[in-house]
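Participant: the following block contains a protein sequence and its predicted model.
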Amino acid sequence: MTPHPQNQSCPQGQSYPQRQSYPQRDVFLVTNSVNELGGVTSWSHQMARLFTGRGHRVHVIGITTPVVAQELGDLPYPTTTLYDGQPPRPGRARDASMREQAARLTALFRSARPGGVVIVAQVWAMEWVGLADTTGLTVIGMSHEAFETCRKSSRFRRVLRHYRDVDRMLALTREDADLWIGRGLNNASFMPNPLPFMPEVPSPRTEKAVVSVGRLSDEKGVDMLLDAWAEVTTRHPDWTLRIYGSGEDEEILRKQCTALGLDDSVAWMGRTDDVPGALRAGSVFVQSSRGEGFPLVLLEAMATAVPCAAFDCAPGVREIIRDGEDGLLATPGNTGELARKLNLLMADKQLRDRMGETARANIQRYTTDEIVRRWEELFAFLDR
């Protein structure tokens, strides 16, 4: 790993060298699992495809095999999973197995051409990468969640420990990067997620439907969304809340829905493989999460020209939504305020149309070309 600068403007992502073209590199993307369900997996394969499309040689590496896996189809790059299942429990067997698997990583890394890069998307995976020989490679560690969310979890101390000496530690926003720097990670910078898609045909915003997309879990706050909807639906009995997703809280959420008398105005849509279609069929998008990183579904909704109402639960949310311009933000956990924001959008078609079209224009700052360019500029800077 190369030394990182301590006091330069580059860690804030504003002064990397401008180049017309960049060398093709070997890029290793290391995550907890190659094919588990979740946003980090989606991000890793999106970036792998983007890097491959730019001529880089990509290898996606996972530590474990998930209990519930997603089908990835044919991939234009190789993947490797270190464990057929889970690693041993902590102890001597675990330590021995980690050294053995780290040796496999070392063998893979040694195949890299000069200028190779290892991007570790989750800090747990860094425990294996840290045991491998990364001599001659640039190592970048990432946190795909807000600083405050991480601070409340066991991952916080791991980030401070395992990312302290990498060439660059990347958060999702400038605000989060500054917070990590305040905790002593002077190598911290930020890199937003790229826009997953830019649909040619936006939503016409004609259906009286509010859309929610996300896992039915405590973090996503669907229970709070139902409480907010109970206030909204009395004013708009002809509107429907469509909830897309599945998860461990589905049964209790359905019971809450019934207890609130919302069964006639809430549609449980289940998981969908057609997020663009789900968003296009709505006129408003709502996100009620207790915590987020840099939520892709907000990017997707705005790209589809659907105005969003969301809890301002993380820097990534207020980085994406410009409150009052292309969407509306509510105080985290304040269901009454979220209900009022939804009511504003549902009651005023001109407001919906104006914010939806503005959102579609503003969100292009996260296009894939722009984000890949920023990655390649970072690679070039860290070569110096």
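Facilitator: Here it is on my side, so go on.

Participant: please, where are all the strands along the stretch 201-350 of the chain?
Facilitator: Counting by DSSP state E, counting those that start in this stretch, the segments of the stretch 201-350 of the chain that form strands are 209-213, 240-244, 266-270, 284-287, 308-311, 327-330.

Participant: any idea what His59 is bridged to?
Facilitator: Phe28 (DSSP bridges).

Participant: count the residues that sit near Ala96.
Facilitator: When neighbours are counted by other CB atoms under 10 Å, Ala96 registers 11. C-beta here means a position set from N, CA and C on the backbone, and glycine is covered the same way.

Participant: may I see the buried residues of the one helix or strand it maps to?
Facilitator: Assessed by DSSP states H and E, Ala96 sits inside helix 92-109. Using 16 or more other CB atoms under 10 Å as the test for burial, helix 92-109 gives 98, 101-102, 105, 108-109.

Participant: likewise stretch 43-63?
Facilitator: Going by 16+ other CB under 10 Å, stretch 43-63 has these buried residues: 43-48, 50-51, 54, 56-63.

Participant: among those, name the ones in strands.
Facilitator: Of the buried residues of stretch 43-63, the ones assigned to strands by DSSP state E are 57-62.

Participant: between those residues, which is nearest Ser33?
Facilitator: Of all these, Gly62 has the smallest distance to Ser33: 4.3 Å, by CB to CB.

Participant: could you find the closest non-adjacent residue to that closest one?
Facilitator: Val34 (3.5 Å; CB to CB, 6 or more residues apart in numbering).

Participant: helix, strand or coil for the one you found?
Facilitator: Secondary structure, DSSP: H, G, I helix; E, B strand; the rest coil: Val34 is coil.

Participant: and Leu328, how far from Leu296?
Facilitator: Here Leu328 is placed at a distance of 19 Å from Leu296 (CB to CB, to the nearest Å).

Participant: break this protein into its domains for me.
Facilitator: Domain assignment for the chain by automatic domain parsing gives 10-194+367-383, 209-366.

Participant: weakest of those by average pLDDT?
Facilitator: Per-stretch mean pLDDT for the domains of the chain is lowest at domain 10-194+367-383 (a mean of 92).

Participant: now it, how far from the chain's geometric center?
Facilitator: Relative to its parent chain, domain 10-194+367-383 has a centroid offset of 13 Å by CA atoms, centre = their mean, to the nearest Å.
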